[in-house]
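> okay, here's the prediction I keep looking at, along with the sequence it came from:
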Amino acid sequence: MKITKLRTEAVILPISPPILSAFGTLGTAGCVLCYLETDQGVVGEGLVFTINAVRLGVVRAMVDSLAPLVEGMDVRLGGSLNARAWQELNFLGYEGVSVVGLAAVDNALWDLRGKAAGLNVAHLIGACRAAVPTYASGGLWLGSSIDALQKEAAGFVAQGYRAMKTRVGPGDPRAMVARVRAVREAVGPDVALMVDANQQMNLKQAIRIGRMLEEVNLTWFEEPLICHDHEGEARLSAALDTPIASGETVYTHRGILAMLQAKSADVLMPDLQRMGGPSEFLKAGHLCEAHHIPCSSHLFPEQTLGLLAALPGGYYLEYMPWFEPIYRERIELDAKGHAIVPDRPGFGFTFDPASVARYRV
C-alpha cells in the first residue's frame, strides 16, 4: 500500500459558549484536516488547530509543504517519516509551526497504519489497558459564577465522569480557593479534581495559593508558572504536597526530557500537536516511564486515547469536546468513568464528511 496524495481542508469549529480564560476569550477552533490517500482506497486522517483560527492559513501551508515527505511512501515504512522530517525542518527549527505541521501528517500516518492493519492504534502498538482514566475539561472556566460551577460540576458527575478540571487565576487567592472549594463540595471527596492556572502566576503567588488549595485534596495543580521556567516549577513542586502538572507547551520529546531532568513536575502532559505527532508523543511517554513520572495528555482525546492506553505509565486523558462536531463517533465511558478504547481501526474516530462540509472555510 502506497500513499498517493496528501490533501488538506480547513474548518472553523465554534466553541459555544465562548470561553473566558486566562489567555482571553476562546471563540473558535480553526482546524487543518490532513488526509493521506492510498492506492488501495484506505485514507488516514489527522488534524491540528489554532485558537480562534489565528494563522490557520500559515499552518495549512506548512502541512501542505510536507507532502513530498509522504507521497509515494510505502505505508509499511512509515517510521521513516520523522527521520527525514527532522533533517528537512532543521533550518526552521524544531519548535513552532514546523512541528505543528509535522504533527498533522504524523497523526494521519498513524491512523493510516492502523487502518491498513485492521487494528486500533492502541492494539497496533500493544495496549496496556482497555480503558483510560479521563477527566472532563470542557467546563468550569474562570468566567463562571460559583453557582454555575457547582451546577456544571454536578452535571459532569451525572454524565459518568469521576474526574474534572477547573481553573484559577492570579486574582485574590481567597476568592480563587473559594471557587475550587465550591466545586469540591458539589462533587464530593471521591471525584478527582484538578486545577489549572494557565501559566498566570509567579512563584510566590503559586506557592501561596498552592498551600491554600491543599485542603481541597487536588489530583494536581497545573501550570501555575510560565512554561519555560523549569527551575521555578521544580521549586514549586518541592514546596507543595499537591502534585504539579505541566508540559503541554514544550515541543518534541526533547522538551519533555528537559523537564524530567529539571524535576520540574510530578505529572507531565505532552501535547500531541507540540510533540509533532504520535511518534514523538510515544517517545515522551516512555521517557516519563523511565523517570517514574505519570504521563497524561493535553487536548486531542480522539488520538491520545489509544496512545495513553499503550503506555505503561499512561495516566489521565484530557477530554475536551472542541473537535467532536466533525467526528462520526464519540468517546464512551465505562462504569468507572474511564474512556473505552474502541475496537475500530486506526484511532477509531473518523471525520464525518457532512460535518466537515458544514464547517469548511
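All right, it came through fine. Just so we're clear, the structure is a prediction, and the values are computed from it rather than from any experiment.
> would you map the helices across the protein?
Ranges of helices in the chain, per DSSP state H, are 56-65, 67-70, 80-89, 97-117, 121-125, 146-158, 173-187, 203-213, 230-239, 252-262, 272-275, 278-290, 301-309, 353-359.
> and of those, who's closest to Thr50?
Of all these, helix 56-65 sits nearest to Thr50, with 5.3 Å by CB to CB. Quick note: C-beta positions are derived from backbone N, CA and C, even for glycine.
> how far is stretch 66-76 from where the chain is centred?
Offset of stretch 66-76 from its chain centre (CA atoms, centre = their mean, to the nearest Å): 26 Å.
> weakest of the helices of the chain by average pLDDT?
Ranked by mean pLDDT, the helices of the chain bottom out at helix 80-89, with a mean of 91.
> for that one, which residues meet the burial criterion?
Buried residues in helix 80-89, counted by 16 or more other CB atoms under 10 Å: Leu81, Asn82, Ala85, Leu89.
> could you check how far the second one is from Leu36?
By that I understand Asn82. 15 Å (CB to CB, to the nearest Å).
> same question for the last one.
According to CB to CB, Leu89 stands 19 Å off from Leu36.
> how about the third one?
Plainly put, Ala85 is 14 Å away from Leu36 if you go by CB to CB.
> tally of neighbours for the residue nearest to Ala127 when sequence neighbours are not counted?
Leaving aside its chain neighbours, Ala127 sits nearest to Ala309 (4.8 Å; criterion: CB to CB, 6 or more residues apart in numbering). Ala309 has 25 neighbouring residues, counting by other CB atoms under 10 Å.
> what do you get for Ala130?
13.
> so who does the closest residue to Pro321 other than its chain neighbours touch?
In this structure, Pro321 finds its nearest non-sequential neighbour in Gly138, 4.7 Å apart by CB to CB, 6+ apart. Applying CB atoms under 8 Å, 6 or more residues apart in numbering, we find Gly138 in contact with Tyr319, Met320, Pro321, Trp322.
> what do you get for Lys2?
Going by CB under 8 Å, 6+ apart, Lys2 touches Thr38, Asp39, Gly72, Met73, Asp74, Val75.
> go again with 7 Å.
When contacts are counted by CB atoms under 7 Å, 6 or more residues apart in numbering, Lys2 touches Thr38, Asp39, Gly72, Met73, Asp74.
> ranking these by neighbours, who comes first?
The most neighbours of any of these, using other CB under 10 Å, belong to Met73, which has 21 neighbours.
> what's around the closest residue in space to that one that isn't next to it in sequence, how many residues?
Setting aside the residues directly before and after it, Met73 is nearest to Ile3 in space (CB to CB, 6+ apart), at 4.8 Å. Neighbour count for Ile3, taken as other CB under 10 Å: 24.
> what's the answer for the one 3 residues further on, then?
By other CB under 10 Å, 24 other residues sit near Leu6.
> what's the closest of the helices of the chain to Val32?
Closest of these to Val32 is helix 56-65, at 4.7 Å (criterion: CB to CB).
> mind listing what's buried along the closest one?
Leu56, Val59, Arg60, Met62, Val63, Asp64.
> circling back to that earlier point, I figured the residue nearest to Ala127 hits Leu124, correct?
No: if you go by CB atoms under 7 Å, Ala309 and Leu124 don't touch, sitting 11.1 Å apart.
> buried residues of the longest strand seen in the chain, list them for me.
In terms of residue count, the longest strand belonging to the chain (DSSP state E) is strand 3-21. Of all the residues in strand 3-21, those buried under the rule 16+ other CB under 10 Å are Ile3, Leu6, Thr8, Glu9, Ala10, Val11, Ile12, Leu13, Ile15, Ile19, Ser21.
> same question, stretch 258-271
Met259, Leu260, Lys263, Ser264, Ala265, Asp266, Val267, Leu268, Met269, Pro270, Asp271.
> now for those residues: which two are most distant?
Based on CB to CB, the longest span within these runs between Lys263 and Asp271 and measures 20.4 Å.
> let's have the helices of the chain in CSV, adding distance to Lys165.
Compiled in CSV, the helices of the chain are given as follows (distance: least, CB to CB, whole Å):
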stretch, distance to Lys165
helix 56-65, 26
helix 67-70, 35
helix 80-89, 31
helix 97-117, 23
helix 121-125, 24
helix 146-158, 10
helix 173-187, 10
helix 203-213, 13
helix 230-239, 18
helix 252-262, 20
helix 272-275, 18
helix 278-290, 20
helix 301-309, 13
helix 353-359, 26
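> looking at these, which is nearest to Asp334?
The minimum distance between Asp334 and the helices of the chain falls on helix 301-309, with 12.6 Å, by CB to CB.
> chain center to the closest one: distance?
Distance of helix 301-309 from its chain centroid, counting by CA atoms, centre = their mean, is 9 Å.
> what sits up against it?
Contacting residues not belonging to helix 301-309 are listed as 107, 120-122, 127-129, 132, 272, 278, 281-282, 297, 314, 317-320, 323, 327, 331, 339, 341, 347-349 [CB under 7 Å, 6+ apart].
> next, count neighbours for Ala239.
14.
> roughly how far apart are Gln159 and Ile256?
When distance is defined by CB to CB, Gln159 is 31 Å away from Ile256.
> and Ala153, by the same measure?
With the distance defined as CB to CB, Ala153 ends up 31 Å from Ile256.
> with Arg330 as the reference, measure out to the residue nearest to Pro321.
For Gly138, the distance to Arg330 (CB to CB) stands at 13 Å.
> same check, this time on Glu289
30 Å.
> who's more crowded, these two?
For Glu289 versus Arg330, neighbours defined as other CB under 10 Å are more numerous around Glu289 (15 against 10).
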